[in-house]
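In: Here's my sequence, what's the structure:
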Amino acid sequence: MRIRTSVLIAFAALVLGVAAPRSPANNVRAAVTFDVAVTDKEGNTVVGLQKEDFRIFEDNVEQTVTSFRPRREPLAIVILAECTDAYYTTDTIKVADGLVRSLTPKDWVSLVSFDTQQNIVVDFTHDKDALVAELRRLAMPYNHDASMYDALYFVLDRLNRIEGLQEKKAILLLGTGRDITSYKHSYSDVLKKAAASGTTIYTVDLGQSPVMFDFSVHEPGSLTRFNEASNILRDIAQATGGLAFFPQFGGQYDAIAPTVNADLRHQYTLGFNSSSTKTGGKLRRIRVEIGDTDLNFDGKPDRLRARHQEGSYAN
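Out: The predicted model follows:
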């Protein structure tokens, strides 16, 4: 009796605990879709690109772009505001107010505050006036500490669990980046969650004002903590394809809301079928390159920059 070679291999793999070779028919190619923001060397958003302008790499292996479209869906934005005695200022309201006022009637917005705990102040609504009113009524607690990791993880998880959410998801994080009281989640937890969440995070460092900086650097070891907190905010934004802002003066705060609004309104949605064989929840890193373009017809490459989430996780 002859036994087929493939059956013998499968049987040996079962006995020895070695994975049998997978045939091409059994390889499941995961469909990955993500958003890309494109800016020029001055940081201005770029529109008018086509599918042929983009190249996608996953773990440094080029993938075929299977879908492409400019992003036109309404937004679903969570304003996540640190609310502590030391850092909650009128500049926080200025940035959030400006972004809320720029939204269209079809956009959704929510307000979540946090100190050592997070609180849904206003759930998703189209009512901009109601949200701004609640933003202005936020109390300044006598609490110097903030659990930013727990609050951010809570919001990301909640956005992922909302059924039927087709809008472009984003978070505007207004805080200092300092966290010593989170007990559920760590920096690495949040970064991993954010990197493949499909939610773009924009961070605004509220600890950059000259008054707060002068106060901070007089505490032992505080300058190191100050710089670490700023780097954390930068890392979180970068992992999701967002932007990090470090305003010090009033005019710099004024420019944040228009920049975030323009960035969200002019993105591209790209898709590909992953060729990766990674399994077990490992991050498959995504890189997007843009071919030589000359949108201003000056005879020179535009040197465009693509921002997007860091990757997707294998099942």
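In: Would you mind listing the residues in contact with residue 38?
Out: Listed by CB atoms under 8 Å, 6 or more residues apart in numbering, the contact partners of residue 38 are 45-46, 49, 267-268, 290, 304-307. For the C-beta atoms, the positions are set from N, CA and C on the backbone; glycine is no exception.
In: Oh, that last question was meant for residue 94, not what I typed.
Out: When contacts are counted by CB under 8 Å, 6+ apart, residue 94 touches 250, 253-254.
In: Which of those ranks first by neighbour count?
Out: Among the contacts of residue 94, the one with the most neighbours (other CB atoms under 10 Å) is residue 253, at 22 neighbours.
In: does that residue sit in a helix, a strand or a coil?
Out: Classification of residue 253 using DSSP: H, G, I helix; E, B strand; the rest coil returns helix.
In: looking at it, it is touching residue 93, isn't it?
Out: No - with contacts counted by CB atoms under 8 Å, residue 253 stays clear of residue 93, the gap being 9.9 Å.
In: among the contacts of residue 38, which are in strands?
Out: 267-268, 290, 305-307 (DSSP state E).
In: just for the stretch 101-250 of the chain, where's the confidence low?
Out: Applying pLDDT under 70 to the stretch 101-250 of the chain flags residues 139-142, 208-223.
In: any idea where the strands of it begin and end?
Out: Taking DSSP state E, counting those that start in this stretch as the criterion, the stretch 101-250 of the chain contains strands spanning 108-114, 118-125, 168-175, 200-205, 244-245.
In: Just give me the longest helix of the chain.
Out: Longest helix in the chain by number of residues (criterion: DSSP state H): helix 222-240.
In: what does that one rub up against?
Out: By CB under 8 Å, 6+ apart, helix 222-240 touches 152, 173, 175-179, 187, 190-191, 194-195, 197, 199-203, 205, 207-208, 213, 216-217, 242-244, 246, 309-310.
In: Can you give me the buried ones in it?
Out: By neighbour count with 16 or more other CB atoms under 10 Å, helix 222-240 contains the buried residues 225-226, 229-230, 232-240.
In: Please state the offset of it from the chain centre?
Out: Between the centre of helix 222-240 and the centre of its chain there are 14 Å (CA atoms, centre = their mean, to the nearest Å).
In: picking up where we left off before, packed most tightly, which of the strands of the stretch 101-250 of the chain would that be?
Out: Mean neighbour count, computed with mean count of other CB atoms under 10 Å, is highest for strand 200-205 among those, reaching a mean of 27.
In: That one pairs with which strands?
Out: Strand pairing for strand 200-205, using DSSP bridges, gives strand 168-175 (parallel), strand 244-245 (parallel).
In: Can you give the contact residues for it?
Out: Everything outside strand 200-205 that qualifies as a contact, by CB under 8 Å, 6+ apart, is 35, 37, 95, 152, 168-177, 194, 229-230, 233-234, 236-237, 239-247, 256, 260, 263-264, 309.
In: I'd like the contacts of residue 94 as CSV, with distance to residue 84 appended.
Out: Output for the contacts of residue 94, formatted as CSV (distance: CB to CB, whole Å):
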residue, distance to residue 84
250, 21
253, 18
254, 23
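In: Out of those residues, the closest to residue 76 would be?
Out: residue 253 (23.7 Å; CB to CB).
In: pLDDT at the closest one, what is it?
Out: For residue 253, the model assigns a pLDDT of 88.
In: who's in contact with it?
Out: Going by CB under 8 Å, 6+ apart, residue 253 touches 91, 94-95, 247.
In: burial of the residue lying closest to residue 55 once chain neighbours are set aside, as a residue count?
Out: Once flanking residues are discounted, residue 55 sits nearest to residue 289: 4.5 Å by CB to CB, 6 or more residues apart in numbering. Other residues lying near residue 289 total 12 when counted by other CB under 10 Å.
In: repeat for residue 51
Out: Using other CB under 10 Å, the number of residues around residue 51 comes to 12.
In: pLDDT score assigned to the closest residue to it other than its chain neighbours?
Out: Distances taken as CB to CB, 6+ apart put residue 68 closest to residue 51, at 3.8 Å, once the chain neighbours are dropped. pLDDT, residue 68: 96.
In: Let me see the contact set for residue 68.
Out: Here residue 68 is in contact with 50-51, 54, 268-271 (CB under 8 Å, 6+ apart).
In: can I assume it sits in a helix?
Out: No - applying three-state DSSP, one finds residue 68 to be strand, outside a helix.
In: Residues in a beta bridge with it, which ones?
Out: Beta-bridge partners for residue 68, by DSSP bridges, are residue 270.
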